[in-house]
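Peer 1: prediction below, plus the sequence it came from.
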2 protein chains.
Amino acid sequence: MDSEKKISPAVINRLPRYYRYLGDLLESDITRISSKELSAKMNITASQIRQDLNNFGGFGQQGYGYNVEYLYNEIKKILGLDRMYNMIVIGGGNIGQALVNYTNFEKRGFVIKAVFDINPRLVGMTIRGVEVYDVDKMEEYVKNNRVDVAILTLPRSQAVKVAHDLAKWGVKGMWNFSHVDLQVPDDVLVENVHLTDSLMTLLYKINEMYSEENDLHHLQNGLPVKHRQVEEEEK
Amino acid sequence: MDSEKKISPAVINRLPRYYRYLGDLLESDITRISSKELSAKMNITASQIRQDLNNFGGFGQQGYGYNVEYLYNEIKKILGLDRMYNMIVIGGGNIGQALVNYTNFEKRGFVIKAVFDINPRLVGMTIRGVEVYDVDKMEEYVKNNRVDVAILTLPRSQAVKVAHDLAKWGVKGMWNFSHVDLQVPDDVLVENVHLTDSLMTLLYKINEMYSEENDLHHLQNGLPVKHRQVEEEEK
């Protein structure tokens, strides 16, 4: 890939959101939009939007704005969403099963082909038509089938070892739900979904806004009280 | 809360990770650690670690390092994890059920007290002992019970309206799994888990590293081929 095309991680992280908003506009039969209008919807500055989208060749036209369908399709291509991806799930527990049952992935071309688990009660079952195999079969499967992404939803004690094995067998993408940081070679891409960390961050922010003296456990009429409001009332 | 204590969002986002690593050290009976050792484990520079932890009063001591248990407990307090939190789930589908079944939350004091759904087939059921109520009962429940966090796992078409209602009824924390950006007042804290966006970001990174000519669909021995390696072989 062209090194001039190197796009900052911050922009990359915003791309799916652009894609989502443009898809919504398309569904509402909106054919063109200015960076200003998009800015109001997305709560990003118009100049940030222009800067972001300029990375992909500046599709906006002065006085006309962006052609929604064109931009949607360009971002779709940039994100690589004009193809299918084969995924496997390692760990057929709650989260693993929920992901297999989430039909929206398949609609977008992200297809879960197999689930692997260590639990003999799960092995041999199917989840929405997807077979659950014993983890012993994983090496053979990965070596004989195209696997674009391995979804790790197994206990953290096993995740590091399994990720290491998968990398050795050639899997280049890992979507990690296990609550541990994986150690994989640089040519393996990892995206983490650390649910517990995300919830802790939320709780921190709640605690920071709603002070300790007045914390969530001291309620007024059964509702949490915002500290700052109380201070204002006291003035 | 003291305005001098204002901590940057980047640091806040790293706190749960520090907490996780320190917990692991404690479990391995490691009682003290230098910023350098912690740096090697966490893949963050030692100076970054010192800077981050200085935000909370500089617990490290020259030549001794950090007292693991003390630091663990301090971060626990800072994150507000020394208390219990009451949560409700709105949307008893796949992800909602998976979260209720995830026992680790309860162990940490994040207790799911009720699930709300619109589907009459789910209403009246219990998931791991947690009752599923009709969404019609939500207002009454929220007004009469302490709800620290509402977990939104409902279709995006309904999420914005429900979040708006919950905010009106006094819920101050929302953990949003619905694939839409919520519009809530500034005094309501939202943490998003946009799974589809996360997966798209991963796919983008895979595509960026493994170029198009040589993309994931052109395989050698059933395995994806890394572009750079091929270039090297051609030399």
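Peer 2: Right, received. Where do you want to start? Bear in mind the structure is a predicted one, so any value in this text is a computation, not a measurement. Numbers count the residues shown, from 1 in each chain, chains lettered A, B, ... in the order given.

Peer 1: tell me who's in contact with A:Tyr141.
Peer 2: By C-beta atoms under 8 Å, 6 or more residues apart in numbering or on different chains, the contact list for A:Tyr141 reads A:Ile88, A:Ala114, A:Phe116, A:Tyr133, A:Val147. C-beta coordinates here come from the backbone N, C-alpha and C atoms, glycine included.

Peer 1: return the subset of the residues you listed lying in strands.
Peer 2: Members of those lying in strands (criterion: DSSP state E): A:Ile88, A:Ala114, A:Phe116, A:Tyr133.

Peer 1: just the buried ones from the contacts of A:Tyr141?
Peer 2: A:Ile88, A:Ala114, A:Phe116, A:Tyr133, A:Val147 (16 or more other C-beta atoms under 10 Å in any protein chain shown).

Peer 1: export those to JSON lines and tack on distance to B:Val180 and pLDDT?
Peer 2: Output for the buried ones among the contacts of A:Tyr141, formatted as JSON lines (distance: C-beta to C-beta, whole Å; pLDDT from 0 to 100):
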{"residue": "A:Ile88", "distance to B:Val180": "28", "pLDDT": "98"}
{"residue": "A:Ala114", "distance to B:Val180": "31", "pLDDT": "98"}
{"residue": "A:Phe116", "distance to B:Val180": "32", "pLDDT": "98"}
{"residue": "A:Tyr133", "distance to B:Val180": "35", "pLDDT": "98"}
{"residue": "A:Val147", "distance to B:Val180": "30", "pLDDT": "97"}
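
Peer 1: identify the farthest-apart pair in those residues.
Peer 2: Comparing all pairs in the buried ones among the contacts of A:Tyr141 by C-beta to C-beta, the longest separation belongs to A:Tyr133 and A:Val147, at 12.7 Å.

Peer 1: now A:Pro155, nearest residue through space, not along the chain?
Peer 2: A:Ser178 (7.0 Å; C-beta to C-beta, 6 or more residues apart in numbering or on different chains).

Peer 1: give me the pLDDT for the one you found.
Peer 2: If you check A:Ser178, the pLDDT there is 95.

Peer 1: reduced to three states, what does A:Val111 come out as?
Peer 2: strand (DSSP: H, G, I helix; E, B strand; the rest coil).

Peer 1: ok, now how distant is it from A:Asn94?
Peer 2: Distance, A:Val111 to A:Asn94, by C-beta to C-beta, to the nearest Å: 21 Å.

Peer 1: quick one, which of the two is more surrounded?
Peer 2: Shown here are A:Val111 and A:Asn94; by other C-beta atoms under 10 Å in any protein chain shown, A:Asn94 has more neighbours (19 against 13).

Peer 1: for chain A, which helix or strand comes out least confident on mean pLDDT?
Peer 2: Using mean pLDDT, DSSP states H and E, helix A:227-234 stands out as the lowest-scoring helix or strand of chain A, at a mean of 36.

Peer 1: which segments of chain A make up each domain?
Peer 2: Under the assignment automatic domain parsing, the domains of chain A span A:3-78, A:85-193, A:196-234.

Peer 1: report whether the lengthiest helix in chain A contacts chain B.
Peer 2: If you go by DSSP state H, chain A has its longest helix at helix A:9-27. Yes - against chain B, helix A:9-27 shows contacts by C-beta under 8 Å from any C-beta of the partner chain at A:Ile12, A:Asn13, A:Leu15, A:Pro16, A:Arg17, A:Tyr19, A:Arg20.

Peer 1: follow-up on the earlier one: got a markdown table for the contacts of A:Tyr141, with distance to chain B too?
Peer 2: Formatted as a markdown table, those follow (distance: C-beta to the nearest C-beta, whole Å):
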| residue | distance to chain B |
| --- | --- |
| A:Ile88 | 14 |
| A:Ala114 | 14 |
| A:Phe116 | 17 |
| A:Tyr133 | 17 |
| A:Val147 | 9 |
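
Peer 1: redo those residues as CSV? Include distance to B:Lys161.
Peer 2: CSV is the format used below for the contacts of A:Tyr141 (distance: C-beta to C-beta, whole Å):
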residue, distance to B:Lys161
A:Ile88, 36
A:Ala114, 38
A:Phe116, 39
A:Tyr133, 42
A:Val147, 39
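
Peer 1: list just the nearest of those residues to B:His164.
Peer 2: Among those, and counting by C-beta to C-beta, the member closest to B:His164 is A:Ile88, at 38.7 Å.
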